[in-house]
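Peer 1: pasting the sequence and the predicted coordinates here, then a few questions.
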Protein chains: 2
Amino acid sequence: MKGGLVSESGAVLLSERRPTPRAEGPDAVVAAISDFISHLAASGDGIPAGVGLAVPGLVSEDSAIYAANLGWSDVPATDFTSLDIPVMLGHDVRTGGLAESILGAGRGLTDFLFLPIGTGIAGASIIRGEPYGGSSGWAGEIGHTPVFPDGEQCACGQLGCLETYASAASVGRRYSERAGVEGVKAEQVVSSDDPIAIEVWDEAVEALSLALATYTLLLDPSVIVLGGGLAEAGPALFDPVRTRLIKRLAFRDAPPLTPAALGVDAGMLGASLLGWRAAGRPELGPGWALDVRSAPLVS
Amino acid sequence: MKGGLVSESGAVLLSERRPTPRAEGPDAVVAAISDFISHLAASGDGIPAGVGLAVPGLVSEDSAIYAANLGWSDVPATDFTSLDIPVMLGHDVRTGGLAESILGAGRGLTDFLFLPIGTGIAGASIIRGEPYGGSSGWAGEIGHTPVFPDGEQCACGQLGCLETYASAASVGRRYSERAGVEGVKAEQVVSSDDPIAIEVWDEAVEALSLALATYTLLLDPSVIVLGGGLAEAGPALFDPVRTRLIKRLAFRDAPPLTPAALGVDAGMLGASLLGWRAAGRPELGPGWALDVRSAPLVS
């Protein structure tokens, strides 16, 4: 897990990374977060005004309702710190989307898609200026939309999910399986001339184009912001996806595809925006001038 | 076109239908609407407080920006009436969705899908209580999402669109083509035991289930409201679509499918809500008690 201390002018005073003690159970993770927050708080100048946390699963502002990976069930926001500071929770992908909307590639835009493509694929729809969680917090599962109705079985149990073709993990896995080798990474597949690599990457690009065409037709985003590890492929990802997306859309323009601006810091910066909201300072953020960084704050 | 006079308590004082003089050109349609409004206004008790209009194409509250079918380009809302009354425009499908959200099947719900299935298919996403038009007014084109990536060519130019399999017009057309007969209607296909009819209907159901699974995963609606002519098929539509939708979703529940409540009156009633908004009375609507009607006001 990553954490940081962000001033009211947006200066990142400190950022650190700690292991998540997942194997020790749900309470141990909550306790580790609480320790981390106390440590960060003690490193600053006085007590922080608020705490923001980006967490996985089903989440409301004041409760981590459910997280299969961590074993959480209805953990109140206040359990995450022993300090007497207001806390606000956000969904991990949507908190990254919030940061991209206020500080990053979506600055000034009210309606767009933030799509990080990493080990898995989930999206944050920014709608009328705010990330959208749906009627019960489960929106954004674009990674499990059925792009190929009779396609391969996904680990989730469904058929033909985007994620099972186009996540970084899937691109590596699918190549390894077909080529009969082990542990090939997505970035090797993307840059390879090997016919199997070209085929696997082509299927990933086709799956992404289909999902983005559907998203565009349903939600008319002004921009699609691609992030996560796979977006580092740059033109090898953006160029073919753009071409196929345009081809899939006959009667409307394709929205521009643009790279995310905040990289691995999106979640931490989004959490800082939630922290300032918790502190009753929701106006902070839009005025922050973030330096363009060549390296992430926490890698 | 349909028009009506709706009181501030929601009583439909009058509703009528007139032909749309499409063949006479864009200005003739605007003039016919203006005449219709004057006629409706003269039939009431004093001048109406406001006018609401549900129109196709690209539309903002104060302008009919673009409508290919009618030849409209940037027609100001005020051109639609010679009376000195405030006018508000809305997109046709989204205005129906507004009516279903305030007066119909979505009453009390803030986040759901209204999907009328008729000659064509377009949806209205109700998001945080209001129909959502996207970044530029083109949201809701679920009928042209590519449910079968290598599927049949749609009239729009794309491949495998939902609409080309599942609209009432397509169900009739696809049966007629395969069976080598002419002019069979969707309702005949739905109720037939003919193997070709069963096949065509099965493909329509599969296409709908795929589109609704994708919508559910992306937007997490609390309910999916099905309307339009094809929804009259009742259990022959709802039962198989519900079963297939549940089957397509492995890790989350399917939202309930429910029939639209307002039928062909949804657009007219939604326009009346816009009219009252134009009049500065946006609070009207939620308190209206609509009689359950067995027949539409205007058929």
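Peer 2: Alright, I've got the coordinates.
Peer 1: can you pull the phi/psi pair for the residue in the stretch 51-200 of chain A that chain B sits nearest to?
Peer 2: Using CB to the nearest CB, the closest approach of the stretch 51-200 of chain A to chain B is made by A:Gly134 at 2.5 Å. C-beta coordinates here come from the backbone N, C-alpha and C atoms, glycine included. Per-residue torsions, A:Gly134: phi 80, psi -170 (degrees, to the nearest 10).
Peer 1: my read: it touches B:Tyr215, true?
Peer 2: No - look at A:Gly134 against B:Tyr215 with CB atoms under 8 Å: they stay out of range, at 10.5 Å.
Peer 1: of these two, who's got more company?
Peer 2: B:Tyr215 (23 against 20; other CB atoms under 10 Å in any protein chain shown).
Peer 1: strands of chain A, start to end?
Peer 2: Per DSSP state E, chain A carries strands over the ranges A:2-6, A:12-17, A:51-55, A:58-60, A:63-67, A:72-76, A:87-91, A:112-116, A:124-127, A:130-131, A:224-227, A:257-259.
Peer 1: each with direction, which strands does the fifth one pair with?
Peer 2: Same thing as strand A:63-67. Its sheet considered, strand A:63-67 pairs with strand A:58-60 (antiparallel), strand A:72-76 (antiparallel) by DSSP bridges.
Peer 1: from B:Gly106, how far out is the residue of the stretch 151-299 of chain A found nearest chain B?
Peer 2: Nearest residue of the stretch 151-299 of chain A to chain B: A:Asp220, at 2.5 Å (CB to the nearest CB). Noted for A:Asp220: a distance of 21 Å to B:Gly106, by CB to CB, to the nearest Å.
Peer 1: who's more crowded, these two?
Peer 2: B:Gly106 (27 against 20).
Peer 1: in contact with the more buried one, which residues?
Peer 2: Neighbouring residues of B:Gly106 by CB atoms under 8 Å, 6 or more residues apart in numbering or on different chains: B:97, B:100, B:112, B:114, B:126, B:223, B:225.
Peer 1: these: which ones sit near chain A?
Peer 2: Filtering these for proximity to chain A by CB under 8 Å from any CB of the partner chain leaves B:Phe112.
Peer 1: of the contacts of B:Gly106, which is the most crowded?
Peer 2: Neighbour max across the contacts of B:Gly106 (other CB under 10 Å) = B:Gly97, 34 neighbours.
Peer 1: mind checking pLDDT for that one?
Peer 2: Here the pLDDT value assigned to B:Gly97 is 98.
Peer 1: who does the nearest residue to it once chain neighbours are set aside form a beta bridge with?
Peer 2: Closest residue in space to B:Gly97, ignoring its immediate chain neighbours: B:Ala124 at 2.7 Å, by CB to CB, 6 or more residues apart in numbering or on different chains. In this entry, B:Ala124 is beta-bridged to B:Phe114, by DSSP bridges.
Peer 1: what's the local residue count around B:Ala124?
Peer 2: 32.
Peer 1: so it touches B:Asp92, yeah?
Peer 2: No - applying CB under 8 Å, one finds B:Ala124 not in contact with B:Asp92, separated by 9.3 Å.
Peer 1: all helices of chain A, in order?
Peer 2: Using DSSP state H, the helices of chain A run over A:26-43, A:92-103, A:162-166, A:168-179, A:186-190, A:195-219, A:235-248, A:266-278.
Peer 1: C-alpha coordinates for the third one, PDB please?
Peer 2: The C-alpha atoms that make up helix A:162-166 are tabulated as PDB, following Å, rounded to 0.1, in the frame of the first residue of the first chain:
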ATOM      1  CA  LEU A 162     -12.500  -7.900 -21.900                       C
ATOM      2  CA  GLU A 163     -10.100  -8.600 -19.000                       C
ATOM      3  CA  THR A 164      -9.400 -12.200 -20.100                       C
ATOM      4  CA  TYR A 165      -8.100 -10.900 -23.400                       C
ATOM      5  CA  ALA A 166      -6.600  -7.500 -22.700                       C
END
